[in-house]
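In: Here is the input, now give the coordinates:
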Amino acid sequence: MNNPSVKINYLLLPFAVIYGMVVRLRNKLFDWGVLRSRVFPLPVICIGNLTVGGTGKTPHTEHVAGVLRDVCRTAVLSRGYGRRTHGFILADESSDAATIGDEPKQMKDRFGDSVIIAVDESRTEGLDLLLASNDRPGAVVLDDAYQHRYVKPSLTVLLTSYERPFTCDALLPAGRLRENRAEKHRADIIILTKCPADMAPIDYRIAINEIKPFPYQELFFTTLTYGDLHRMDGCGGTLPLSELTAGHSVLLVTGIANPAQLRKQLEKRAGAVTAINFPDHHSFTRRDLQRVVSAFQSMRGDDKIIVTTEKDAARLRPMMEHLGDAKDKTYVLPVKVKFLLGQEEKFNNIIKRHVRENT
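Out: As a prediction, this is how the structure comes out:
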């Protein structure tokens, strides 16, 4: 848990102290009521983290939305990071990553019309517009809104990753924390994400002692599981992950915060894995895809494929023609959340009960 590989830039600690003072003052202004948090007349579930990314937020948001869509009409409201538009947008069939952002586009592709997907930089204005719409939701999931304190959630879920928990991180710019680790107290539920699937009992005890949840907080453990590969262009069938063998060569193309676990999964099966990593939410250019094609063509073997994530596919699909013949060999690897210790039913019941009791 207390990972010694976590890199902290100690030269930047003085700036982290200044940043921390500003963030602490802002939080205190909310705690004292100087800055106001609005309460909305429906269940509002906030899912977020204390860090700048890499905790598996999107698959956890999808899991909660998937649980709630069987209970009531559910909406996911996101900022829509990386989009080229502004203001409130309700996702529809014509929406793409440029108009709503890559993560909302990923969720729209997954849920279709069974879940309302909306984006707005202001969560308060977005909630007002959702409540005023003809298709009014019965519950709203706020995506990545732990720091958006102008909304008072009815339930808050805090994510932190096993490989880089907030307990051993530092504030920006020395580390990756957006706010002080003591702000964990605002969470009702804490999820330790990206855990090894084969964690031993002693590992759970170490993690609990490290996180130190308060008596009113529930602590859950999750890992990520991967589905079958499917062609990014929508043509053809699927390639089961189990059918990747030592004879396959994989070019992994990602623009996510932390692709390490994904690469490990592919390296367990494929004979060779080459990775091209772009920054999180990277806007792919024609030159980027030329680089991908060049790397793919230089790989040896007949059984070679390109693999990317659902989030990256949302940004890559509009530019597929620049992949040339390589687009026929480009696959998307879906990811889902798996709860450890048989905790999924307990988590789902907490979410459902909260919505039913607060509707």
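In: how close does Gln217 get to His185?
Out: 8 Å (C-beta to C-beta, to the nearest Å). Quick note: C-beta positions are derived from backbone N, CA and C, even for glycine.
In: With Leu333 instead?
Out: Leu333 is 36 Å from His185, by C-beta to C-beta.
In: Give me the neighbour count for Arg287.
Out: For Arg287, the neighbour count with other C-beta atoms under 10 Å is 9.
In: got a list of contacts for stretch 272-292?
Out: Residues outside stretch 272-292 that contact it (C-beta atoms under 8 Å, 6 or more residues apart in numbering) are 53, 81-82, 101-102, 249-257, 259, 263, 266-267, 295, 299, 301, 306, 315-316, 319, 322-323, 326.
In: what's the answer for stretch 254-261, then?
Out: Taking C-beta under 8 Å, 6+ apart as the rule, stretch 254-261 contacts 52-54, 161, 163, 194, 224, 252, 262, 275-282, 284, 308-309, 311-312, 315.
In: Between Gln217 and His185, which is the more surrounded one?
Out: The residue with more neighbours, out of Gln217 and His185, is Gln217; 16 against 10, by other C-beta under 10 Å.
In: Show me how far stretch 125-134 is from its chain's centre.
Out: 24 Å (C-alpha atoms, centre = their mean, to the nearest Å).
In: Any regions of the chain where pLDDT drops low?
Out: Scanning the chain for pLDDT under 70 picks out the ranges 1-5.
In: quick one, longest helix in it?
Out: When the chain is parsed with DSSP state H, its longest helix is helix 13-31.
In: Mind listing what's buried along that one?
Out: By neighbour count on 16 or more other C-beta atoms under 10 Å, the buried set for helix 13-31 is Leu13, Ala16, Tyr19, Gly20, Val23, Asn27.
In: any idea which helix or strand comes after it?
Out: strand 44-49 (DSSP states H and E).
In: Specify the next element, helix or strand, located C-terminal of that next one.
Out: Scanning onward from strand 44-49 (DSSP H and E), the first element met is helix 57-68.
In: List the contacts of that next one.
Out: Residues contacting helix 57-68 (C-beta under 8 Å, 6+ apart): 45, 47-49, 74, 76, 103, 106-107, 110-111, 115, 139, 141, 143-144, 157, 159, 191, 193, 222, 224, 311, 335-337, 348, 351-352, 355.
In: Residues touching the helix or strand following that helix, excluding its own?
Out: Per DSSP H and E, the first helix or strand lying C-terminal to helix 57-68 is strand 74-78. The contact list for strand 74-78 (C-beta under 8 Å, 6+ apart) reads 61, 65, 68, 100-101, 103-104, 107, 115-120, 123, 126-127, 130, 137-145.
In: Just the contacts of stretch 254-261: which are in helices?
Out: Residues of the contacts of stretch 254-261 located in helices (DSSP H): Leu262, Lys311, Asp312, Arg315.
In: tally of neighbours for the residue nearest to the last one when sequence neighbours are not counted?
Out: Leaving aside its sequence neighbours, Arg315 sits nearest to Ala97 (C-beta to C-beta, 6 or more residues apart in numbering; 4.7 Å). As a burial measure, Ala97 scores 26 neighbours (other C-beta under 10 Å).
In: can you check Met299 too?
Out: 14.
In: Isn't it up against Ser249?
Out: Yes: between Met299 and Ser249 there is a contact under C-beta atoms under 8 Å: 4.9 Å.
In: Check the gap between Leu266 and Tyr331 for me.
Out: Distance, Leu266 to Tyr331, by C-beta to C-beta: 11 Å.
In: before we move on, what about Arg353?
Out: Remark: distance between Arg353 and Tyr331 (C-beta to C-beta) = 39 Å.
In: Between these two, which has more neighbouring residues?
Out: Set Arg353 next to Tyr331 and count neighbours by other C-beta under 10 Å: Tyr331 wins out with 20 against 11.
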